[in-house]
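Asker: Have a look; sequence and predicted model below, questions after that.
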Amino acid sequence: MRIAYVINQFPPNITAGLGRYAELITPYLARDHDLTVHTPNDGRHPVDEAAGRLRVHRPRGALARGRRLNRTRRAEFLLLALNVVAANWRYFLRLCRRDARPDLVAVHDSTNFLSGLLCHYVLRLPVVLHVHTTEYGVAPQRSITDPLNLFAALERRLARVSRRVVVATPEVRDQLLAAGWRRTPIDVVPLGGTFEAVLPSYGRDELRAGARTLRARLGLPEGDPVLLFVGRIERQKGVYQLLEAMRTVACEVPRLRLVIVGEGDAAGVERIVASTGLEGRVLASGRFVEGRELLEYYELADACVFPSLFEPFGLVATEAMAMGRAAVLGDGFSRLFLGPDPERPAAYFVRAGEPADIARGVIAVMTDAGLRRELAERGERFVREGLNWERAAAETAEVYRAAVKTPAR
């Protein structure tokens, strides 16, 4: 198949789990298919690149040249959205060319609605919609202000014209069905593990040495336990409830330090820390971290906490598990992360909307070395045996083949 892949993040532009998803699955898709990734250009990258059967098209004309936009700030989110729409128009113009016409267009998230609708109505191409988040038009609590529900209407229209919809968990499928997305088949394709291809290239002794250096740089006393949070600093990730919970946790685990890794509302974190008397107990990177440095943060941690109110999948959980770290997860995560045996769960689930329950879970894990060890072992085994990018790519390609064979609406 010739596949056009429309996505907002692609290496080296990785600012969230979507970028890691694209980075990890596309090499497998490009083994057997001609795959062209259409993605925004911040002005620092060539328009066209190619490596084997994988091509990348980044049209010029970005509205924020050379700037890294923080989507948790309203003005920058708006600029980011305008940039995506402008890029979508340029993708469409490229796809109008006969030599660039694909067999199928895979649209990732409804922010790329323009490409999807134009490819369906004008080019009459099969469209598959990948839903990586429902926080714009479907979720009860959304991250954008849309009093007229215009974005929700666009999402529904794009879903209706798509020949298939792809999600990563049964929970997202159920949420879409509850919102009335019943006309188009919805396929569940779980993802692989984030560090599946990366971890074997690093020696554990090397990462431990890096973690010791990182501990010194952060000013963490030797022997003090570390609880790690990785993700965007915003309401959906449960970070504010976590900070509220830390007041209780700090009393029960006196030397515990919470390390927050990610970009977003850093000022809000500082305000909460100051108002709750947690100075010195909470440290924040203030930026997006990736690569070896991120691995060293996980190596530094005794356990990880991700109290998300909603996660379309949650690659951070796979990262912690792959590194052999016990994970405390909010109930916004899929129950897939309980593992194959819910009686012996691979993660410790808490009610993300309740700081008291987050505190209970964190205290239980941080004060019981045996429980931490069991969760770490089960989590690592679950990621190693249950999550695989080659399998995810094969199932995705099967959905694409079914879409191509489906008659146009």
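Answerer: Okay, I see it. Numbering: from 1, shown residues only.
Asker: Looks to me like Cys304 is in a strand.
Answerer: Yes: Cys304: assigned to a strand according to DSSP: H, G, I helix; E, B strand; the rest coil.
Asker: ok, and the closest non-adjacent residue to it?
Answerer: Among residues not flanking Cys304 along the chain, Ala320 sits closest, at 4.0 Å (Cβ to Cβ, 6 or more residues apart in numbering). All C-beta atoms are positioned from the backbone trio N, CA, C, and that covers glycine.
Asker: got it, and Ala159?
Answerer: With Cβ to Cβ, 6+ apart, the residue lying closest to Ala159 is Trp181, at 5.0 Å.
Asker: same thing with Leu387?
Answerer: The nearest residue in space to Leu387 (Cβ to Cβ, 6+ apart) is Gly193, at 4.4 Å.
Asker: Let me see the contact set for the one you found.
Answerer: Residues near Gly193 by Cβ atoms under 8 Å, 6 or more residues apart in numbering: Thr318, Glu319, Met321, Ala322, Val383, Arg384, Leu387, Asn388, Trp389.
Asker: Please identify which helix or strand holds the residue nearest to Ala159.
Answerer: Trp181 is located outside every helix and strand, with elements delineated by DSSP states H and E.
Asker: Domains in this protein, by residue range?
Answerer: Domain assignment for the chain by automatic domain parsing gives 2-192+388-405, 199-386.
Asker: What I need now is those written out in a markdown table, including mean pLDDT and mean neighbour count for each item.
Answerer: Listed next are the domains of the chain as a markdown table, based on pLDDT from 0 to 100; neighbours: other Cβ atoms under 10 Å:
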| stretch | mean pLDDT | mean neighbour count |
| --- | --- | --- |
| domain 2-192+388-405 | 89 | 18 |
| domain 199-386 | 93 | 19 |
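Asker: Helices of the stretch 1-150 of the chain, residue ranges please.
Answerer: All helices of the stretch 1-150 of the chain, identified by DSSP state H, counting those that start in this stretch, fall at 17-32, 74-95, 113-121, 150-161.
Asker: In a markdown table: the ones you listed, plus distance to Leu256.
Answerer: Listed next are the helices of the stretch 1-150 of the chain as a markdown table, based on distance: least, Cβ to Cβ, whole Å:
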| stretch | distance to Leu256 |
| --- | --- |
| helix 17-32 | 26 |
| helix 74-95 | 33 |
| helix 113-121 | 44 |
| helix 150-161 | 40 |
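Asker: For His38, which of these is the nearest?
Answerer: helix 74-95 (4.2 Å; Cβ to Cβ).
Asker: tell me the angle that closest one makes with helix 113-121.
Answerer: 30 degrees (axes from the mean of the first three to the mean of the last three Cα atoms, to 10 degrees).
Asker: what packs against helix 74-95?
Answerer: Counting contacts by 3 or more Cβ pairs under 8 Å, 6 or more residues apart in numbering; DSSP states H and E, helix 74-95 is packed against strand 2-6, strand 34-38, helix 113-121.
Asker: Tell me the first helix or strand C-terminal of the helix or strand harbouring Met246.
Answerer: In this assignment (DSSP H and E), Met246 forms part of helix 239-252. With elements assigned by DSSP H and E, the helix or strand that comes after helix 239-252 is strand 257-261.
Asker: Which SSE is immediately downstream of that next one?
Answerer: helix 266-276.
Asker: Would you tell me what the next helix or strand after that next one is?
Answerer: strand 282-284.
Asker: Now find how far off-centre that following strand is within its chain.
Answerer: 22 Å (Cα atoms, centre = their mean, to the nearest Å).
Asker: who's in contact with the closest residue to Leu329 other than its chain neighbours?
Answerer: Spatial nearest neighbour of Leu329, chain neighbours left out: Ala347 (4.7 Å); criterion: Cβ to Cβ, 6+ apart. Counting by Cβ under 8 Å, 6+ apart, Ala347 makes contact with Ala317, Met321, Ala326, Ala327, Val328, Leu329, Phe333, Phe337, Leu338, Gly339, Leu375, Gly379.
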